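Peer 1: Fold the following.
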Amino acid sequence: MAKTRPLLALLALVLILQPGARGQGGTVAPGPTLTVEGVPAIPSSLVDDVRRYTESRSASFVDWHPTRREILVSTRFANAAQIHHVAMPGGDRKQLTFFDEPITQASFEPVAGRYFVFPKDVGGNEFRQLYRFELDSRRITLLTDGGRSQNGGLVWSRRGDRIAYTSTRRNGADRDLYTMNPSDPRSDKLLLQVSGGGWSVQDWSADDTELLVKEELSVARSNLWLIDVATSEKSPVMPQVQDVSFDTARFSPDTRGLFLTTDKDSEFLRLAYVDLSSKAISPITANLPWDVERFDLSHDGRTIAFVSNEAGLSKLYLLEIATRQYHAVKDSPTGVIGSLKWRKGGRELGFTVGSARTGADVFALNADDGRVTRWTESELGGLVPSELSEGELVRWPSFDRREITGFLYRPPSKFTGRRPVLINIHGGPEAQYRPSYQGRSNYYLNELGVAIIYPNVRGSTGYGKTFVELDNGIKRLDSVKDIGALLDWIGRQPGLDPSRVMVVGGSYGGFMTLAVATMYNDRIRCAVDIVGISNFNSFLKNTESYRRDLRRVEYGDERDPAISAFFEETAPLTNAHRITKPLFVIQGGNDPRVPRTESEQMVARVRQNRGPVWYLMASDEGHGFVKKANVDFQFYATLMFARAHLLE
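Peer 2: Residues are numbered from 1 along each chain as shown. A predicted model of the protein is given here:
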């Protein structure tokens, strides 16, 4: 499956940082929002030592201006990523928003581009509100209720006079459908009450009379609905079936059908066409044995651009709608592609590309002549691209002989002998590690000689829907055993040291880290848990209600006594007495996904058992640290932890 949820794209070892504040006596002072327990004083000399690795930037494509060849990008100049305007390829990035909170999304009013709408939360709590930013006056206006609700996923009508979006404001759990003219917040209107937190707006019909809406029930099952905008009546696009997923969907130019991605009759998400009259689905990319992870339809209705995930790397294709023939774009940069969008009134496609040797940057493709233009060139600080390690695809057999894969980054050849290993486990679990820019993790490689492995254990996306479901419910520990098999594989590699292994993970990867620490305590040196789950019973009770049912499909329903008993028996919290190796726990105080109580109870239990544990909590962060001052301190502390317990 190609769904990529950014459950922890901001892990401590891959974030972009700048030096922190200096304290008294030559130490780094923690910020006022940080709770620091067990972490020793951090010498200021460490800041200077790692400075070369903490100055990188990246930029991501946000939107095209509707009437001018100009774009919005999101990049960080100060404390957090903000929206910037770029007037031409290679032009200055002029900052428009100035908040303490990161702003990574925005959407231009699509007629004249007089303003754009953007979402923003507070302190990482993910209760995003919608705001209007007027380009002439720079005035910002709150559009939604401003309370404890999630608002987002906006899609503009074809006439450009309304947006459709979802909000949990009614009860905090169900993601209802709303419409609004952003130039007049009083026009806000509840279109349809729904049940569940997995609803999203996909598209408007050509005449703006219907909405195409997706209802996601799990990573493996979703439904598509048509909503009559005038009457609020909904009708299914096709008969509902089990174990079929629809990802992105758009009306065809003639409105007689839909282009969409689906895994119906396939292990992978394929680009397909649905005839709305006959309900027949016609696969288009049946010959591609990979997930089509995103696509966009050009405004002139001639071309679809789509991206496939081929062994972790992205490949960009163009499809001519009239013939249904497609071809790969030859000169597209190699890496991981995101943020795909056509320019209105032109034949240009904007997108973001990142790779192991470059931070993410913005590019545009001219579909007529195939020329690719680079719009931004973000700074790598003191790093030289040719000196950065690229990921090597590695494979190992697990306990049941199933092949598991991952990416290995090796340190430079100047380091001899068997090297220490850092295993970094992604979140999700319905996600996939992709070979992207390592950021400050390059310090571990280039200066400490530590090898890094990013495993894609069972349950990861990108390897077919059967693989995604191999860890569901009571099969949860099978994914942990995949890490046990990786430890076996490390022991067989002449260049890797099985006696010096540190495990790191965030969100679900944090659960995996804690589980590895309990199941394989004698085979690792130490572990770093970032916003991880310590007991699925307490997690499902306390995670925000709009997420709960979707998570139960993946993990199991704690209301079932048998499942609850399984959760209790296998919980890292229950088995914390087995942890004797050092543990570092990092948590955001406002985390709505994995509440801070998951970390607090784990820290208390390990300390009760007299296990060595460090703890770092930021009261102004959510599901992972994003504010520069906090992330700085997190990096320095994590590096101190690795030096003390992995390398000594």
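
Peer 1: May I have the longest strand that the chain contains exported as PDB, CA atoms only?
Peer 2: In the chain, assigned by DSSP state E, the strand with the most residues is strand 496-506. Provided in PDB are the C-alpha atoms of strand 496-506 (Å, rounded to 0.1, in the frame of the first residue of the first chain):
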ATOM      1  CA  LEU A 496      29.000  -4.800  11.500                       C
ATOM      2  CA  ASP A 497      29.400  -5.300  15.300                       C
ATOM      3  CA  PRO A 498      26.500  -7.200  16.800                       C
ATOM      4  CA  SER A 499      27.700  -6.400  20.300                       C
ATOM      5  CA  ARG A 500      27.200  -2.600  19.800                       C
ATOM      6  CA  VAL A 501      23.600  -2.000  18.600                       C
ATOM      7  CA  MET A 502      21.300   0.900  19.500                       C
ATOM      8  CA  VAL A 503      17.600   0.800  18.600                       C
ATOM      9  CA  VAL A 504      15.700   4.000  17.800                       C
ATOM     10  CA  GLY A 505      12.000   4.500  16.800                       C
ATOM     11  CA  GLY A 506       9.200   7.000  16.900                       C
END
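
Peer 1: mind checking which helix or strand Leu487 is in?
Peer 2: helix 476-491 (DSSP states H and E).

Peer 1: helices and strands around that helix, which ones?
Peer 2: Here helix 476-491 touches strand 392-397, strand 403-409, strand 419-425, strand 451-456, strand 496-506, helix 508-519, going by 3 or more C-beta pairs under 8 Å, 6 or more residues apart in numbering; DSSP states H and E. From N, CA and C alone the C-beta is placed, and that goes for glycine too.

Peer 1: could you check the angle helix 508-519 makes with that helix?
Peer 2: 70 degrees (axes from the mean of the first three to the mean of the last three C-alpha atoms, to 10 degrees).

Peer 1: just how off-centre is helix 476-491 within its chain?
Peer 2: Helix 476-491 sits 24 Å away from the centroid of its parent chain (C-alpha atoms, centre = their mean, to the nearest Å).

Peer 1: Quick one: residues in contact with that helix.
Peer 2: 394, 396-400, 404, 406, 421, 423, 425, 429, 453, 455, 457-459, 470-471, 496-498, 501, 503, 512, 515-516, 519-520, 523-524, 555-556, 570 (C-beta atoms under 8 Å, 6 or more residues apart in numbering).

Peer 1: Kindly recompute the last result at 7 Å.
Peer 2: 396-399, 404, 421, 423, 429, 453, 455, 457-459, 470-471, 496, 498, 501, 512, 515-516, 519-520, 523, 570 (C-beta atoms under 7 Å, 6 or more residues apart in numbering).

Peer 1: Give me the buried entries from those residues.
Peer 2: 396, 398, 404, 421, 423, 429, 453, 455, 457-459, 470-471, 496, 498, 501, 512, 515-516, 519-520, 523, 570 (16 or more other C-beta atoms under 10 Å).

Peer 1: which strands and helices sit next to the helix or strand containing Gly359?
Peer 2: Gly359 belongs to strand 358-366 when assigned by DSSP H and E. In terms of contacts (3 or more C-beta pairs under 7 Å, 6 or more residues apart in numbering; DSSP states H and E), strand 358-366 is packed against strand 59-64, strand 348-355, strand 372-374.

Peer 1: Name the stretch among these that sits most buried.
Peer 2: Comparing those by mean neighbour count (mean count of other C-beta atoms under 10 Å), strand 59-64 comes out on top with a mean of 24.

Peer 1: What strands flank whatever helix or strand comes next after that one, and is each parallel or antiparallel?
Peer 2: Using DSSP H and E, the next helix or strand after strand 59-64 towards the C-terminus is strand 71-75. Under the criterion DSSP bridges, strand 71-75 sits next to strand 59-64 (antiparallel), strand 82-86 (antiparallel) in its sheet.

Peer 1: Now do stretch 499-514, average pLDDT.
Peer 2: Mean pLDDT, computed over stretch 499-514, is 97.

Peer 1: Quote the end-to-end distance of it.
Peer 2: End-to-end distance of stretch 499-514 (C-alpha to C-alpha, to the nearest Å): 19 Å.

Peer 1: mind checking how far it is from the chain centre?
Peer 2: 18 Å.

Peer 1: Stretch 27-38 too?
Peer 2: The answer for stretch 27-38 is 27 Å, by C-alpha atoms, centre = their mean.

Peer 1: Now do the buried residues in it.
Peer 2: Those would be 28-31, 34, 36, 38, for stretch 27-38 by 16+ other C-beta under 10 Å.

Peer 1: Most tightly packed of the helices and strands packed on helix 476-491?
Peer 2: When these are compared using mean count of other C-beta under 10 Å, helix 508-519 is most buried, at a mean of 28.

Peer 1: What's the first helix or strand after that helix?
Peer 2: Assigned by DSSP H and E, the successor of helix 508-519 is strand 526-530.

Peer 1: hmm, who's touching the helix or strand following that next one?
Peer 2: Once the chain leaves strand 526-530, the next helix or strand it forms, by DSSP H and E, is helix 536-542. Here helix 536-542 makes contact (C-beta under 7 Å, 6+ apart) with 533, 548, 551-552, 555, 558, 564, 567-568, 571, 594-595, 597-598.

Peer 1: Tell me, how many residues neighbour Pro236?
Peer 2: Neighbour count for Pro236, taken as other C-beta atoms under 10 Å: 12.

Peer 1: And the buried ones among the contacts of helix 536-542, selectable in ChimeraX?
Peer 2: Listed next is the ChimeraX selection for buried residues among the contacts of helix 536-542, using 16+ other C-beta under 10 Å:
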select :533,548,551,552,555,558,564,567,571,594,595,597,598
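
Peer 1: and the contacts of helix 536-542 as CSV, adding secondary structure?
Peer 2: CSV is the format used below for the contacts of helix 536-542 (DSSP: H, G, I helix; E, B strand; the rest coil):
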residue, secondary structure
Ile533, coil
Arg548, helix
Arg551, helix
Arg552, helix
Tyr555, helix
Glu558, coil
Ser564, helix
Phe567, helix
Glu568, helix
Ala571, coil
Val594, coil
Pro595, coil
Thr597, helix
Glu598, helix
